[in-house]
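Engineer: next one to model:
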Amino acid sequence: MLIAGNETEGIGLGTAQFAFRDRTAEDSVATVHAALDAGVMLIDTALAYTRPAGRDQGRPLASGR
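Structural biologist: Just a heads-up that it's a prediction; the model follows:
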């Protein structure tokens, strides 16, 4: 993968932003879809990122795109 003119093995998406910022589930899903479209192969969903309001935001992805 070429990023800013540099070859890299890959890039991932950290999902802490979904738990610690005020965003809608739709915003989070759109971010994940954009990342997948850009070639992201790793989505970091560490348990440390969860909070009660953010736990259900992955559910729209469970049914596919």
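Engineer: any idea how far Val29 is from Met41?
Structural biologist: 18 Å (Cβ to Cβ, to the nearest Å). No exception for glycine: its C-beta is placed from N, CA and C like everyone else's.
Engineer: the two: which is more packed in?
Structural biologist: Just comparing Val29 and Met41: by other Cβ atoms under 10 Å the higher neighbour count belongs to Val29, 17 against 12.
Engineer: quick one: secondary structure of the more buried one?
Structural biologist: Secondary structure for Val29, judged by DSSP: H, G, I helix; E, B strand; the rest coil, is helix.
Engineer: one more: Gly10?
Structural biologist: Once three-state DSSP is applied, Gly10 turns out coil.
Engineer: quick check: closest non-adjacent residue to it.
Structural biologist: Among residues not flanking Gly10 along the chain, Met41 sits closest, at 5.4 Å (Cβ to Cβ, 6 or more residues apart in numbering).
Engineer: shouldn't the one you found be in contact with Glu9?
Structural biologist: No - between Met41 and Glu9 there is no contact under Cβ atoms under 8 Å: 9.6 Å.
Engineer: quickly list what's touching both of those two.
Structural biologist: Shared contacts of Met41 and Glu9, defined by Cβ atoms under 8 Å, 6 or more residues apart in numbering, are absent.
Engineer: for Leu13, give its distance to Asp37.
Structural biologist: 12 Å.
Engineer: for those two, indicate the residue with more neighbours.
Structural biologist: More neighbours surround Leu13 than the other of Leu13 and Asp37, with 18 against 9 (other Cβ under 10 Å).
Engineer: for Leu13, list the residues it contacts.
Structural biologist: By Cβ under 8 Å, 6+ apart, the residues touching Leu13 are 31-32, 35, 40, 42-44.
Engineer: equivalent analysis for Asp27, please.
Structural biologist: Neighbours of Asp27 in contact, by Cβ under 8 Å, 6+ apart: none.
Engineer: start the count at 52, not 1, going forward
Structural biologist: Shifting the count to begin at 52 puts that one at Asp78.
Engineer: distance-wise, check it relative to His84.
Structural biologist: Relative to His84, Asp78 is positioned 11 Å away (Cβ to Cβ).
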